[in-house]
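Enquirer: sequence plus the predicted model coming up.
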Amino acid sequence: MRYRILVVCSLVLAVALAVNLLLRPPGLVAGPQMPHADSFGHTWLPMNSDATATLAGSSVQQTRSRVQRNLPTGPFVLDKNMPVKTGSAVDVVAALRPMAEAGDAKAAFGIYLKLGTCRNVLDSQFSQYSAPPEKRAALQAISAEAKDCAGAESLLKEQGNWLEQAADQGLLEAQIMYAIDAGSVLGNATDMLRDPLKVQRYKSKASNYLLSASNQGNIDAMLRVASGYNNGILMPQDNARAYAYYKAARLAMPNIVPDELVTEQEKRVPPADLARANTMAQSIYARCCARKK
């Protein structure tokens, strides 16, 4: 029986990791990973014409309190080192919950991040049994944080709700993580199969966040949009649009975006569509970044 449970858990974990790999933009410059839940991972606000669904009337428009912040005046990337409050997860959640319930997006996101470390602990404890020797040390280091997560198991189911609240209230980092960390919002593969309408709603909202962020010059979002069009998971599969977003990101930040991303995607664009795709790339770049650099 124990063996059968381990096999089932391994299959679910494999599906979640596969989804994460498909959603991850290929070829990104290596950097520190952002805190996570079921996947490791990173969005925003006015719409552009590529949006697959309007935000009007959604919970993004209906929140009590929106985050006010000054975005950079040119193309930018987010700092992936997000601080997580130290101490017991139960205590951290108890301290932040009143502020989050009162509409503090940063407090809600703080709860999400703290619970994300605990989910990492649980994942690492399971993975140690099957991980190759060279990865076990890193997994054991994560498991060393287990003492801070004692008693927090029942809180993990709230993680996606706090992430969605912070994203809906306009917190940039939360919107990025919402678009990346599908596992926190949707659950595991079984949960996704059980509620396909929820998956569709998630994809619509997540893609809008990314498209909106791209319009404001965020390179993280532009690469996510390109990846979404490339693999056809979050966005409709469209090689020309994927190329256009990769090229626009490259034009905006050539020191961050490798040329290989653009050239590899260009090979996937039908020759008849290449001129249109290059025009689209220039339009995306002009809209988000050209006058802001």
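Expert: Arrived safely.
Enquirer: residue contacts, residue 94?
Expert: Shown in contact with residue 94 (CB atoms under 8 Å, 6 or more residues apart in numbering): no residues. All C-beta spots, glycine's among them, are computed from the backbone N, C-alpha and C.
Enquirer: that's a strand at it, yeah?
Expert: No. Counting by DSSP: H, G, I helix; E, B strand; the rest coil, residue 94 is not found in a strand; it is helix.
Enquirer: any idea how far residue 256 is from it?
Expert: 39 Å (CB to CB, to the nearest Å).
Enquirer: tell me the pLDDT of residue 82.
Expert: You'll see residue 82 listed with a pLDDT of 74.
Enquirer: correction: residue 118
Expert: For residue 118, the model assigns a pLDDT of 87.
Enquirer: which residues touch it?
Expert: By CB under 8 Å, 6+ apart, the neighbours of residue 118 are 89, 148, 149, 152, 153, 155, 156.
Enquirer: which ones are touching the spatially closest residue to the first one that is not a sequence neighbour?
Expert: I take that to be residue 89. Spatial nearest neighbour of residue 89, excluding adjacent residues (CB to CB, 6 or more residues apart in numbering): residue 152 at 3.9 Å. Applying CB under 8 Å, 6+ apart, we find residue 152 in contact with 88, 89, 90, 93, 115, 118.
Enquirer: and with 6 Å instead?
Expert: Counting by CB atoms under 6 Å, 6 or more residues apart in numbering, residue 152 touches 89, 90, 118.
Enquirer: which helix or which strand is home to the last one?
Expert: What it means is residue 118. helix 105-127 (DSSP states H and E).
Enquirer: buried set for that helix?
Expert: 105, 107-124, 126-127 (16 or more other CB atoms under 10 Å).
Enquirer: just stretch 265-280 next, same as before
Expert: Result for stretch 265-280 [16+ other CB under 10 Å]: buried residues 265, 266, 269, 277, 278, 280.
Enquirer: now do the SS call for residue 229.
Expert: Following three-state DSSP, we place residue 229 in the helix state.
Enquirer: report the contact partners of the nearest residue to it once chain neighbours are set aside.
Expert: Nearest residue to residue 229 in three dimensions, chain neighbours excluded: residue 242, at 3.8 Å (CB to CB, 6+ apart). Residue 242 makes contact with 226, 229, 230, 265 under the criterion CB under 6 Å, 6+ apart.
Enquirer: tell me how many other residues crowd the first one.
Expert: Taking other CB atoms under 10 Å as the criterion, the count of residues near residue 226 is 30.
Enquirer: and it, how far is that from residue 91?
Expert: The value you get for residue 226 to residue 91, if CB to CB is used, is 41 Å.
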